[in-house]
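S.K.: Here is the input, now give the coordinates:
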Amino acid sequence: MTCQERTGFLFAHDCPYPAQSLCSQCHRKICAVHLRVADGLDFCASCFRTRPVSDSDETARSDDPLFYGGYDEPYDLDDHGAFDRKEP
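M.R.: As a prediction, this is how the structure comes out:
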């Protein structure tokens, strides 16, 4: 019995690892790699992603390699100001 989670950055593929638990929301079989625990319940990574985010979850999600939720602005106001047109 293998994990039923499908993951991948560009193309989703089947997980080859053995299932160790069931997702409490969708009831799919999940392995230890895709298992996420919240409020004492087991979730697959897909269902965990759809849960409302609490303050305690925010740090855990930012450390999770399966989530790509952040973006830093590469330019600050000084950088943008360098391109502002100045009238003579």
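S.K.: For this protein, which helix or strand comes out least confident on mean pLDDT?
M.R.: In the chain, the helix or strand scored least confidently by mean pLDDT, DSSP states H and E is helix 55-63, which has a mean of 55.
S.K.: Who are the contact partners of residue 13?
M.R.: 6-7 (Cβ atoms under 8 Å, 6 or more residues apart in numbering). Using the backbone N, CA and C atoms, a C-beta is placed for each residue, glycine as well.
S.K.: mind redoing it with 7 Å?
M.R.: When the contact criterion is Cβ atoms under 7 Å, 6 or more residues apart in numbering, the partners of residue 13 are residue 6.
S.K.: what's across from it in the sheet?
M.R.: Residue 13 forms beta bridges with residue 7, as assigned by DSSP bridges.
S.K.: Next, the closest residue to residue 20 other than its chain neighbours: secondary structure please.
M.R.: Using Cβ to Cβ, 6 or more residues apart in numbering and skipping the chain neighbours, the partner closest in space to residue 20 is residue 32 (5.4 Å). Three-state assignment for residue 32 (DSSP: H, G, I helix; E, B strand; the rest coil): coil.
S.K.: quick one: the strands in this protein?
M.R.: With strands called from DSSP state E, the chain shows them at 6-7, 13-14, 21-22, 29-30, 36-38, 41-43.
S.K.: Return the distance of the third one from the chain's centre.
M.R.: Strand 21-22 has its average C-alpha position 19 Å from the chain's average C-alpha position, going by Cα atoms, centre = their mean, to the nearest Å.
S.K.: what's the answer for the fifth one, then?
M.R.: Computed by Cα atoms, centre = their mean, the separation of strand 36-38 from the middle of its chain amounts to 12 Å.
S.K.: If anything else comes up later, I'll come back, but that's it for now.
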